[in-house]
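Q: what shape does this take:
(chains A, B and C)
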Amino acid sequence: MGQDSPSDKTMVTKGRRSRTSFTEEQLEILVQAFSQNPYPGYTAKQRLAVEINAEESRIQIWFQNRRARHGFLKRPKKKLDPSKDHASPKEKIQDGRDRRCRTSYTSSQLQTLKNAFTENPYPGIDSREQLAEKIGVPESRVQLFLPETGMAQKDQEMKNIQEKTNQNTHIAGNFEYKSVLDLKLYLSETEDTVATQHVTFSKRSAVVASGV
DNA sequence: GCGTAATCTAATCAACA
DNA sequence: TGTTGATTAGATTACGC
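A: Numbers count the residues shown, from 1 in each chain, chains lettered A, B, ... in the order given. So this is what the prediction gives:
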């Protein structure tokens, strides 16, 4: 998965955050923390952020990259059988409760975010920071939120697609973790209404695949 | 129970030594 | 050119209403 053709992305992704370069001391602390716990909870990341004087979101990215590149405890792709004795590595290491408190957005904040998403689904770092300041949330929340703003609308679109798909059972039988682009190929009449990116597909694909 | 924010992996882009 | 921070897409988890 990942990204579309590079040329497409460079067109939409303007204004990347400048590359953070951690000092040796910062890296030493991060590596030590990683060796103790590759899945730190929110409070641990906050503590680290204070300790090395960096943003918590940068800590998160560092841990993500570190886990990916040092072959550490890949999360199982399939959900583990709850009857089995072993928990996933994440469950073992990180207390699931140690999450950031859910951010609840006011209607005006939501409207501002939605408008921003409509204007530009791929805002650069400058735009995100401006937006974050405007609505009074951290930039990292804006970055995470923006891809989700279209969800409600896309959910409805996906339901419409499912209805159409269910009328085409020969297609539905083959759908399992297909992308929206695949759906577009099969259901070309929906092409104008289907968003091609940022669609969470887990439960929907299961429904479609089972033809329910 | 549902909707969705938070967090995860995987793939990839891209800056920098 | 290799390393590694940043971004994107999609899947999963868990919390607030």
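Q: element containing A:Ser108?
A: Taking DSSP states H and E as the definition, one finds A:Ser108 inside helix A:107-119.
Q: can you give me the end-to-end distance of stretch A:129-144?
A: 13 Å (C-alpha to C-alpha, to the nearest Å).
Q: so the helix or strand following the helix holding A:Ser108 versus helix A:107-119, what angle?
A: Under the assignment DSSP H and E, the closest C-terminal helix or strand after helix A:107-119 is helix A:125-135. Orientation check (axes from the mean of the first three to the mean of the last three C-alpha atoms, to 10 degrees): helix A:125-135 against helix A:107-119 gives 160 degrees.
Q: show me the domain layout of chain A.
A: Per the TED database, the structural domains of chain A span A:24-74, A:104-171.
Q: take those domains and write them to TSV, including mean pLDDT.
A: Compiled in TSV, the domains of chain A are given as follows (pLDDT from 0 to 100):
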stretch	mean pLDDT
domain A:24-74	90
domain A:104-171	69
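Q: report the contact partners of A:His70.
A: By C-beta atoms under 8 Å, 6 or more residues apart in numbering, the contact set of A:His70 is empty. In this view, the C-beta of every residue, glycine as well, is placed from N, C-alpha and C.
Q: and it, how far from A:Ile59?
A: 16 Å (C-beta to C-beta, to the nearest Å).
Q: including distance to A:Arg16, could the domains of chain A go into a markdown table?
A: Formatted as a markdown table, the domains of chain A follow (distance: least, C-beta to C-beta, whole Å):
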| stretch | distance to A:Arg16 |
| --- | --- |
| domain A:24-74 | 12 |
| domain A:104-171 | 6 |
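Q: of those, which is nearest A:Gly15?
A: Nearest to A:Gly15 among those is domain A:104-171 (2.2 Å), distances taken as C-beta to C-beta.
Q: just the buried positions in stretch A:37-53, please.
A: A:38-41, A:44-45, A:48-49, A:52 (16 or more other C-beta atoms under 10 Å).
Q: same check, this time on stretch A:58-71
A: Within stretch A:58-71, the residues scored as buried using 16+ other C-beta under 10 Å are A:58-60, A:62-63, A:67.
Q: stretch A:17-31 now?
A: Result for stretch A:17-31 [16+ other C-beta under 10 Å]: buried residues A:17, A:26, A:29-30.
Q: hang on, the earlier thing: ok, the buried residues of stretch A:37-53 vs DNA strand C, which is closest?
A: Nearest to DNA strand C, judged by C-beta to the nearest atom of the strand, of the buried residues of stretch A:37-53 is A:Gly41 at 10.2 Å.
Q: phi, psi of the closest one?
A: Here is the backbone geometry of A:Gly41 (degrees, to the nearest 10): phi -80, psi -180.
Q: how close does the closest residue to A:Phe145 other than its chain neighbours sit to A:Ser140?
A: Once flanking residues are discounted, A:Phe145 sits nearest to A:Leu113: 5.7 Å by C-beta to C-beta, 6 or more residues apart in numbering. For A:Leu113, the distance to A:Ser140 equals 14 Å [C-beta to C-beta].
Q: any chance you could give me stretch A:43-51 in CSV, C-alpha atoms only?
A: Extracted in CSV, the C-alpha atoms of stretch A:43-51 (Å, rounded to 0.1, in the frame of the first residue of the first chain):
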residue,chain,number,x,y,z
THR,A,43,2.4,9.4,29.2
ALA,A,44,5.7,7.7,28.4
LYS,A,45,6.0,9.5,25.1
GLN,A,46,5.1,12.8,26.8
ARG,A,47,7.8,12.2,29.4
LEU,A,48,10.3,11.4,26.7
ALA,A,49,9.2,14.5,24.8
VAL,A,50,9.9,16.7,27.8
GLU,A,51,13.2,14.9,28.6
